[in-house]
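Chemist: Just a sequence and a predicted model for now, questions to come.
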Amino acid sequence: MRFNPKARLDTQRMGDAGRGRGGRAGGGGASIPIPGGVRAGGGIGGVIIVILYLVLTQCLDNGGGGTTSGLDSSRFTGADTGRYTSCKTGEDANKSADCARVAVENSLYDYWSSTLPDQAGTDFTAEAGIETFTDAIDTGCGNATSDVGPFYCPNDQYIYLDTSFYKAVLQKQLNGPSGDFVEPYVIAHEYGHHIQNLLGTMSRVKTQQGPKSDSVRLELQADCYAGMWAKNATSTDNADGVALIESLSDQDIQDAIAAATAVGDDRIQEEVNGRVNPEQWTHGSAASRVKWFMTGYQQGSLKACDTFATNDL
């Protein structure tokens, strides 16, 4: 993946809370409490089950519909480390993983701000933010540690990630890939949850475990949305109309496929427990995750990504 060196970057939706610092309401190291007494503090387990908490919180606190209150720009006041202030251009993105993260966010923002109105007739009125942290952070969905992996919180419309996840968990614990496009795939997947939030899709989640559960359908659809963006990433522009991404290679797509494979429920269960139990799946099998990412990449439409309309997952 190569960014356009001449493109100016926009960091206004990016923030970093630093090590063990609070976001909205102060820090702390406790895990996110999951309804039913399970906690997302058990390493890989948090990656698997954190979305259940977020979906339930969305349904209870927002009436099951999308949130349109807009980005809470006050979140970073007094808490931001300034991690992204030096990210000015696409050339910075080509040299720095932090700045590449900014460029990917800018590209996702541009893509969905036009795609959502065009394909769904829904205004892109609520922006998603990305906040990185180390060890622990307080969010609109509760306190989170790095154990839960990257996640989206519908209550404050932020994507949260501890950037150590890729090496510490995805590569070392799950034997996943280390390519440059792995993180963009993950961020695009989480951004897909924001799109689901705006469309009210999260309210459709009733069943939360099983190979064809609503939770699995939600996750596979987010993979499909990530594929939609990947297909169109090189046609996204910054606010000045300058292309953000010059090229996306076949290897980049293979990196995304390898990452989707590594975080399939069956692969995680096999790596962690040595056995596979489909009735406990919440995100979908490796094959399904790849299938739906490629569906988005090849067909590029919200209609094609309707995982709730088919039993062929």
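Modeler: Nice, I can see it.
Chemist: residue ranges of the helices in this protein, please?
Modeler: Using DSSP state H, the helices assigned to the chain run over residues 44-61, 90-95, 97-120, 165, 182-199, 214-232, 250-262, 265-273, 286-299.
Chemist: among the ones you listed, which is nearest P150?
Modeler: The closest approach between P150 and any of the helices of the chain, judged by CB to CB, belongs to helix 182-199 at 5.4 Å. Every residue, glycine included, has its C-beta placed from N, CA and C.
Chemist: got the buried residues for that closest one?
Modeler: By neighbour count, with 16 or more other CB atoms under 10 Å as the criterion, the buried positions of helix 182-199 are 182-199.
Chemist: and if you look at stretch 204-212?
Modeler: In terms of neighbour count (16+ other CB under 10 Å), stretch 204-212 has its buried residues at 204-205, 208-209, 212.
Chemist: Which pair of these spans the longest distance?
Modeler: For the buried residues of stretch 204-212, the farthest-apart pair by CB to CB is R204 and Q209; their separation is 15.6 Å.
Chemist: so where is the protein shaky, pLDDT-wise?
Modeler: Applying pLDDT under 70 to the predicted model, the residue ranges of the chain that meet it are 20-79.
Chemist: So for it, the centremost residue is which one?
Modeler: E190 (1.5 Å; CA atoms, centre = their mean).
Chemist: Now do that one against R101, distance only.
Modeler: 12 Å (CB to CB, to the nearest Å).
Chemist: residue contacts, I253?
Modeler: For I253, the residues meeting the contact criterion (CB atoms under 8 Å, 6 or more residues apart in numbering) are 181, 230, 297.
Chemist: What number of residues are in the vicinity of the first one?
Modeler: By the other CB atoms under 10 Å criterion, the neighbourhood of F181 contains 25 residues.
Chemist: can you check L313 too?
Modeler: Around L313 there are 17 residues (other CB under 10 Å).
Chemist: do D123 as well
Modeler: As a burial measure, the neighbour count of D123 was computed by other CB under 10 Å and equals 11.
Chemist: Next: N175.
Modeler: Using other CB under 10 Å, N175 is surrounded by 10 other residues.
Chemist: And for F308?
Modeler: As a burial measure, the neighbour count of F308 was computed by other CB under 10 Å and equals 13.
Chemist: cool, T11 as well?
Modeler: By the other CB under 10 Å criterion, the neighbourhood of T11 contains 18 residues.
Chemist: Tell me which of the helices of the chain sits nearest to A243.
Modeler: Of all the helices of the chain, the one in closest proximity to A243, counting by CB to CB, is helix 90-95 (8.7 Å).
Chemist: Now do the closest one: distance to the chain's middle.
Modeler: On the basis of CA atoms, centre = their mean, to the nearest Å, helix 90-95 sits 22 Å off its chain's mean C-alpha point.
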